[in-house]
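[1] sequence first, then the predicted structure:
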Amino acid sequence: MCFGKNEMRKIPILIILILACFNQALSDRWLPPKVTDYYSANKKYFARIVPRTVPENYYVWRKASVSEKKKFLPSDTAVVQCHAIMYKKTQSGDSILWTRKLINAMAPVSAIVSDDGGYLVTFDNWHSVGYGVDVMVFYDKKGDLVKRHMLEDISPFPINDYPTSISSLWWRCGQQFVDNRRVEICFVSGDEKIEKRIYNLEEKRIE
């Protein structure tokens, strides 16, 4: 293939665009979620979040005939739903306070625990940051779901201001407990404007 002078000038620009798209695609690849422990700031409590787990032979079992399904083990058919286990650190070891299923389809992207173990707050869903009803979710001292939010509920910026990728809307630059009932959330827009908001868990609203 031969190119004229004008076409040759366009080639570097074309290559840059191709590489940019390629890098964006690479940056949007998600590894499978792993079991992760999230500790309170004082290290007295931690939540162990177990992602949704599908057995290797599960879909083979689903497609098998009635007679063939008898050949599979119970472990081949049992899907483990995403769940959290809240622990308290004690001198005699880790004591389980509660175990509850989370609303995330796979797993949250991040989570924080209050210093008194009274709240677990999760952020986003694996492979889908910024979308859905589980952008921010919090659970009480018994592990019961208290409230869940879409990004529109808590965002200081218009949703279109956030940078996007193939799977996600990248809105968050951090989160932490201010005290046992309030959470500071950091928002960052596509033009790198940063705003922090305080969410009151007891009042279930941005202050």
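    Arrived safely, thanks for sending. Residues are numbered from 1 along each chain as shown.
[2] what's opposite R197 in the beta bridge?
    For R197, the beta-bridge assignment (DSSP bridges) gives partners I185.
[3] I figured it hits I185, correct?
    Yes - R197 is within contact range of I185, at 5.4 Å (criterion: C-beta atoms under 8 Å). The way it works is simple: take the backbone N, C-alpha and C, and place the C-beta from them, glycine included.
[4] the more surrounded of those two?
    Remark: of R197 and I185, I185 carries more neighbours, 22 against 14, as counted by other C-beta atoms under 10 Å.
[5] need the contact list for that one.
    Contacts for I185 (C-beta atoms under 8 Å, 6 or more residues apart in numbering) come out as 136, 154, 172, 174-175, 196-199.
[6] quick check: neighbours shared by R197 and I185?
    Counting by C-beta under 8 Å, 6+ apart, the contacts common to R197 and I185 are I154.
[7] would you list every one of the helices in this structure?
    With helices called from DSSP state H, the chain shows them at 5-27, 58-63, 66-69, 151-154.
[8] of the contacts of I185, just the buried ones, PyMOL syntax please.
    Buried subset of the contacts of I185, written as a PyMOL selection, criterion 16 or more other C-beta atoms under 10 Å:
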select buried, resi 136+154+172+175+199
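[9] need the contacts of I185 in a markdown table with pLDDT and distance to F72, can you?
    A markdown table is the format used below for the contacts of I185 (pLDDT from 0 to 100; distance: C-beta to C-beta, whole Å):
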| residue | pLDDT | distance to F72 |
| --- | --- | --- |
| M136 | 98 | 39 |
| I154 | 98 | 44 |
| R172 | 97 | 41 |
| G174 | 96 | 45 |
| Q175 | 98 | 42 |
| K196 | 98 | 51 |
| R197 | 98 | 49 |
| I198 | 98 | 51 |
| Y199 | 98 | 46 |
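[10] just the closest of the contacts of I185 to D28, please.
    Comparing the contacts of I185 against D28 with C-beta to C-beta picks out R172 as the nearest, at 16.2 Å.
[11] can I get the contacts of I185 in TSV with distance to A41?
    Output for the contacts of I185, formatted as TSV (distance: C-beta to C-beta, whole Å):
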residue	distance to A41
M136	19
I154	22
R172	18
G174	13
Q175	12
K196	17
R197	19
I198	16
Y199	17
